[in-house]
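Trainee: The amino acid sequence is not available; the structure is as follows:
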């Protein structure tokens, strides 16, 4: 059974999913947290880096960790442009807290550089990660970004990136590319049933009926 280790990097989470001594790193955080992440990765055998989406706070250490760990990087192809240009997609929000998060995020996307890297693998819905030691499958969760993805771990847990957030409270993402897509992805997560939900921001909670009233 897979073990999920949350690595807190400021207000962003990265995760190590480990199963029988083999592991996958999910997201790479911001510059400044790379040594902390690397120290945890060196305790196991990381075989793949999976990026839940292309925003800078989730991918900024990818080039560094890819080199240090010597492993491939996987991303959904629809987020390829985001790692090259953080403002490639419009950033929308709803509510006062959403406005605050959007303003901070937009400034970061405009000014924070992502050290260049090239993904080795483009992930799609339903693909299994067994070749990299983890019994999990990819689920497409567009809305926050075009190419947002998550990892469903054998009816135990689901890592959702920013398809959902627990930044101030657990609910739908406060910022998004497409609100209707985001709501559909939230409903998809709800339909998975009993699981612990691991967010890109905030502490994990049990799965529930995520609905548009929570945004």
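Mentor: Okay, I see it. What you see is a predicted model, and the numbers here were worked out from it, not measured in a lab.
Trainee: elements contacting the longest helix seen in the chain?
Mentor: Secondary structure of the chain per DSSP state H: the longest helix is helix 95-111. Helix 95-111 sits against helix 56-59, strand 92-93, strand 175-176, with contacts defined as 3 or more C-beta pairs under 8 Å, 6 or more residues apart in numbering; DSSP states H and E. Just so you know, the C-beta spots here come from the backbone N, C-alpha and C atoms, and that holds for glycine as well.
Trainee: How far away from the center of its chain is the second one?
Mentor: Here strand 92-93 is found 19 Å from its chain centre; the criterion is C-alpha atoms, centre = their mean, to the nearest Å.
Trainee: List the neighbouring strands of it plus their orientation.
Mentor: Strand 92-93 pairs in its sheet with strand 175-176 (antiparallel), by DSSP bridges.
Trainee: lowest-confidence helix or strand of the protein?
Mentor: Least confident element among the helices and strands of the chain, by mean pLDDT, DSSP states H and E: helix 95-111 (a mean of 85).
Trainee: Buried residues, that helix. List them.
Mentor: Residues 98, 101-102, 105-106, 109 are the ones in helix 95-111 that count as buried (16 or more other C-beta atoms under 10 Å).
Trainee: of these, closest to residue 168?
Mentor: Lowest distance from residue 168 to the buried residues of helix 95-111 (C-beta to C-beta) belongs to residue 101, with 8.8 Å.
Trainee: Quick check, that closest one in contact with residue 167.
Mentor: Yes - here residue 101 reaches residue 167: they are 6.9 Å apart, a contact under C-beta atoms under 8 Å.
Trainee: Spit out the residues that contact these two alike.
Mentor: residue 174 (C-beta atoms under 8 Å, 6 or more residues apart in numbering).
Trainee: Roughly how far does residue 24 sit from residue 183?
Mentor: 28 Å (C-beta to C-beta, to the nearest Å).
Trainee: Ok, residue 26 next?
Mentor: Distance, residue 26 to residue 183, by C-beta to C-beta: 23 Å.
Trainee: Settle it for me: which of the two has more neighbours?
Mentor: When residue 26 and residue 183 are compared for neighbours, residue 26 comes out ahead with 29 against 17, by other C-beta atoms under 10 Å.
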